[in-house]
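In: Mind folding the following:
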Amino acid sequence: RDALLADPSRFATALKDRLTGAGVEVRENCRVEAICHASGEYRIEPFGVTARSVIGTLGPWFGSVRLEGMEPARPAFPAGWCKAFNLVLKRRLCGEAAFAVHAAQGRMFFFVPRADGEVAIGTWYEPWEGAPEKGQPTEIETDRFMEACNRALPSAALRREDISHVEWGVLPMRCVAKSG
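Out: The predicted model follows:
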């Protein structure tokens, strides 16, 4: 089955509520310094919280956490990092259904309607070597993405004024690649 995630923020909140309702302690937007394992328990520093298991969703910060008393079950450090981002437009380009458009060099752009009348277009990638928290796309990168969308779907006629906001993150890459 396929699904359309019309409100990502609402989904994240529902998931967090479900986890906390099941007794899981969720910590957000905080810096973990170390995960220490001893006597079958994990201690999370600097908080002093103990647990039988830990799920770390550290993304590009995974190499910055000190591990004590355990062998890391981490993948090998990636070849590099990339910024990944979606443009969220103030105007609808489609009805209630998402659609995809083939673009140059085998790319495909997905246009996904949101519950609030906006549409998200994604995803664009740019190589990145800086600190993860400084990975927000530049105007030049955003313009490059918008131009590629306009070449793939000229009827969209996207302009910078159409952009409500940009959703972005930093992802691992298997190999270093160019923009796109």
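In: Helix, strand, or coil at A148?
Out: At A148 the chain is in helix, as set by DSSP: H, G, I helix; E, B strand; the rest coil.
In: Who does the residue nearest to R52 when sequence neighbours are not counted form a beta bridge with?
Out: Of all residues not flanking R52 in the chain, E41 sits nearest, at 6.6 Å (C-beta to C-beta, 6 or more residues apart in numbering). Bear in mind the C-beta positions are built from the backbone N, C-alpha and C, glycine included. On DSSP bridges, the residues paired with E41 through beta bridges are A38.
In: Now do the same contact list for E41.
Out: For E41, the contact set (C-beta atoms under 8 Å, 6 or more residues apart in numbering) comprises T50, A51, R52.
In: Can you tell me which of the residues you listed end up in strands?
Out: T50, A51 (DSSP state E).
In: ok, so of the contacts of E41, who is nearest R114?
Out: Taking C-beta to C-beta as the measure, R114 lies nearest A51 of these, at 35.2 Å.
In: Tell me, how many residues neighbour the closest one?
Out: Using other C-beta atoms under 10 Å, A51 has 13 other residues around it.
In: Output the helix or strand that contains I121 as CSV - backbone C-alpha positions only.
Out: Counting by DSSP states H and E, the element that carries I121 is strand 119-128. Extracted in CSV, the C-alpha atoms of strand 119-128 (Å, rounded to 0.1, in the frame of the first residue of the first chain):
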residue,chain,number,x,y,z
VAL,A,119,2.9,21.3,-2.0
ALA,A,120,6.4,19.9,-1.3
ILE,A,121,8.8,19.2,-4.2
GLY,A,122,11.7,16.9,-3.6
THR,A,123,14.3,16.0,-3.2
TRP,A,124,17.5,17.8,-4.2
TYR,A,125,21.0,16.9,-3.0
GLU,A,126,24.1,19.0,-2.6
PRO,A,127,27.5,17.7,-1.4
TRP,A,128,28.3,19.0,2.2
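In: That'll do, ta.
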